[in-house]
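Asker: Prediction below, plus the sequence it came from.
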Amino acid sequence: MAPGTNTAENPVTARTVLLTLAAGQFLMALDSSVMNVSIATVAEDVGTTVTGVQGAITAYTLVMAMFMIPGGKVGALIGRRRVFMIGCVIYGCGSFTTALAPNLTVLLIGWSFLEGIGAALIMPAIVALVAGNFATERRPAAYGLVAAAGAVAIAVGPLIGGVATTYFSWRWVFAGEVLVVLGILVLARRIADAPVGEGARIDVVGAVLSALGLGVFVYGVLRSDEWGWFQPKPDAPSWLGVSLVVWLMLAGLLLIWLFLRWEARTVKRRREPLVDPALLQNKQLTGGLTMFFFQYLVQMGVFFVVPLYLSVALGLSALKTGAWLLPLSVTLLAAAVLIPRYLPDVSPRRVVRLGVSALFAGAVVLMAALDVDAGAEIVTIPLLLIGLGMGALASQLGSVTVSAVPESESAEVGGVQNSVTNLGASIGTALAGSILIASMATSFLTGVEQNPAVPAEVKSQATLQLESGVPFLSDADLESALDEAGTSEKVTQAALDANKDARIDGLRAAVAILAFIALLAMFFTARIPKTQPGSTKPEQPDG
């Protein structure tokens, strides 16, 4: 074990280290979930449009995706703790800039760029620092709590954003982040660092290829809702009759392939690669990364769908929406902390399979419960199950991936791991949104077509104008839009009825695809080991 790992043998120090790293993970995940409920207010305050703020959210995701792998390598050059603290300083400067942003340009600099760079340095360092500060047998619990902190941030973000926006200002969230960063920097002195690798260097060509490949691919995914996955939407860019999203994703994959080829060539020349391609031949590592991908895909899909149901379909405030998401946090934290504590020798594969089963069960229960006349209470049991599944996965996967390689490579693994989770999160949100809108459009137009109260000319206009999809509108927003358009009372009521049914059909379809993906993930669990890292017990039966 690397020098300095004895630090965590002191219970007080161990708790301080864990609290510090979990706080860092919490901050990284908080921003987007907070901003999602404050977009309109932020847009008004900085003198831009909702599209402008959404662009800032996209840019934040892109910066993280592009620099996550190089960020993981920087720790080998100057030390993991130092990188963690530098990342916190950059992130804190970004939060401070964002809190004072007078316009969109400053918001982009502070939030999208500075915070994105800070996150790309912090997140891989957290993975390496957990490995360097906790003994092998204690890592599942440590990784579980750190991962749970990030997921809880996403769950409570709407509640925090709702409180801040309603009673104070969204700017106070970012001002509060500065204070949290200062606290992290004070406590980070107790974190033990791993020794800096001799002769370590940054592979500049590899860094450029990985950044461009991941950035182009993620950008394509993020634009899918507006441009269409395959068939281009009206007025959307295309090439050879195919949506530009496809070409961006293919270009991203090509660049990633070139990156791996370059890294293999670098290894042959006996130079320091950014990521050793041999890592991808490690069965345990690729198994853990694959499950991370599926977890975040389903997780972010759920965090997209459920708040839409609560806030738009039911018309709940941001405060109430956040409150109804809290059951997920309870079971998530419980599973992430209690499984490693009370079942330290349990088979990781068994826990992962049970976690995936809970995700699948939660999605199925939610899909069955969604109904036009249903209330907010229907999300409670599904969220309890989904939180249980997420917590079970969080309790094992971090330890599985890091224990698959020597401790000296933990930061590089952290960079790859966070890139994979970023990809999964982006695809999960985009896929759920696309399925939701496509199903809504079909259902809405079918409802209008079959309603005799709607004149034929209105039906034809609806078919033409809604070709690119139906917006996910509340009844109040739709009724207001119809009143402005001067529609008759019968047409308005028909549209409202069709909209209610279409919303539920769209939500069901989105949840159904998430359930299918959770089930698909079960086929990839065979690469998860049956025994805990460092365990001296004989291999457990498969389960």
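Answerer: Everything's here; your move.
Asker: just checking, Pro340 touches Ala148?
Answerer: No: using C-beta atoms under 8 Å as the test, Pro340 is too far from Ala148 to be in contact (11.1 Å). Where C-beta positions appear, they are placed from N, C-alpha and C, glycine not excepted.
Asker: Return the helix or strand in the protein with minimum mean pLDDT.
Answerer: Sorting the helices and strands of the chain by mean pLDDT, DSSP states H and E puts helix 456-465 at the bottom, at a mean of 49.
Asker: can you map out the strands along this structure?
Answerer: 238-239, 242-243 (DSSP state E).
Asker: which residues are contacting stretch 405-415?
Answerer: 1-2, 68-73, 75-76, 80, 83, 123-128, 131-132, 194, 197, 274-276, 279, 282, 285, 401-402, 404 (C-beta atoms under 8 Å, 6 or more residues apart in numbering).
Asker: Helices - which of those land there?
Answerer: 68-73, 75-76, 80, 83, 123-128, 131-132, 285, 401-402 (DSSP state H).
Asker: Would you list the buried entries among the residues you listed?
Answerer: By neighbour count, with 16 or more other C-beta atoms under 10 Å, the ones in helices among the contacts of stretch 405-415 hold 68-73, 75-76, 80, 83, 123-128, 131-132, 285, 401-402 as buried.
Asker: Buried deepest among the strands of the chain, which one?
Answerer: For those, the largest average neighbour count (mean count of other C-beta atoms under 10 Å) is found in strand 242-243, namely a mean of 19.
Asker: Adjacent strands (with direction) for it?
Answerer: Sheet pairing here is set by DSSP bridges, and for strand 242-243 it gives strand 238-239 (antiparallel).
Asker: Rounded mean pLDDT for the strand it pairs with, please.
Answerer: Strand 238-239 carries an average pLDDT of 88.
Asker: And for stretch 161-170?
Answerer: 80.
Asker: With stretch 20-37 instead?
Answerer: 82.
Asker: now do stretch 201-213
Answerer: 87.
Asker: So which residues make contact with stretch 516-531?
Answerer: For stretch 516-531, the external contacting residues (C-beta under 8 Å, 6+ apart) are 283-284, 286-288, 290-291, 294-295, 297-298, 301, 345, 347-350, 352-353, 356-357, 359-360, 363, 389, 396, 400, 537, 539-542.
Asker: my bad, stretch 266-277
Answerer: Contacts of stretch 266-277 (C-beta under 8 Å, 6+ apart): 69-70, 73, 199-203, 206-207, 210, 259-260, 263-264, 278, 409, 412, 415-416.
Asker: Identify the residues contacting the residue sitting nearest the centre point of the chain.
Answerer: The structure's the chain has its C-alpha centroid closest to Ala425; by C-alpha atoms, centre = their mean the separation is 3.7 Å. By C-beta under 8 Å, 6+ apart, the contact set of Ala425 is 296-297, 299-300.
Asker: repeat that for 6 Å
Answerer: 296, 300 (C-beta atoms under 6 Å, 6 or more residues apart in numbering).
Asker: hey, where'd the helices end up in the stretch 251-400 of the chain?
Answerer: Under the criterion DSSP state H, counting those that start in this stretch, the stretch 251-400 of the chain contains helices at 283-308, 318-324, 326-342, 348-369, 380-402.
Asker: Hmm, I typed the wrong one, I wanted the stretch 401-543 of the chain.
Answerer: Using DSSP H, counting those that start in this stretch, helices in the stretch 401-543 of the chain cover 410-449, 456-465, 475-485, 489-521.
Asker: what's the burial count for Trp229?
Answerer: Using other C-beta atoms under 10 Å, Trp229 has 21 other residues around it.
Asker: Tabulate the helices of the stretch 401-543 of the chain in CSV, adding columns for distance to Ser95.
Answerer: CSV is the format used below for the helices of the stretch 401-543 of the chain (distance: least, C-beta to C-beta, whole Å):
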stretch, distance to Ser95
helix 410-449, 20
helix 456-465, 42
helix 475-485, 32
helix 489-521, 32
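Asker: lowest-confidence stretch among those helices?
Answerer: For the helices of the stretch 401-543 of the chain, mean pLDDT drops lowest on helix 456-465, to a mean of 49.
Asker: ok, so what distance separates Ala131 from Ala411?
Answerer: Note on Ala131: its distance to Ala411, by C-beta to C-beta, to the nearest Å, is 9 Å.
Asker: What of Gly220?
Answerer: Computed as C-beta to C-beta, the Gly220 to Ala411 distance reads 28 Å.
Asker: Compare those two (neighbour count), which wins?
Answerer: The residue with more neighbours, out of Gly220 and Ala411, is Ala411; 29 against 24, by other C-beta under 10 Å.
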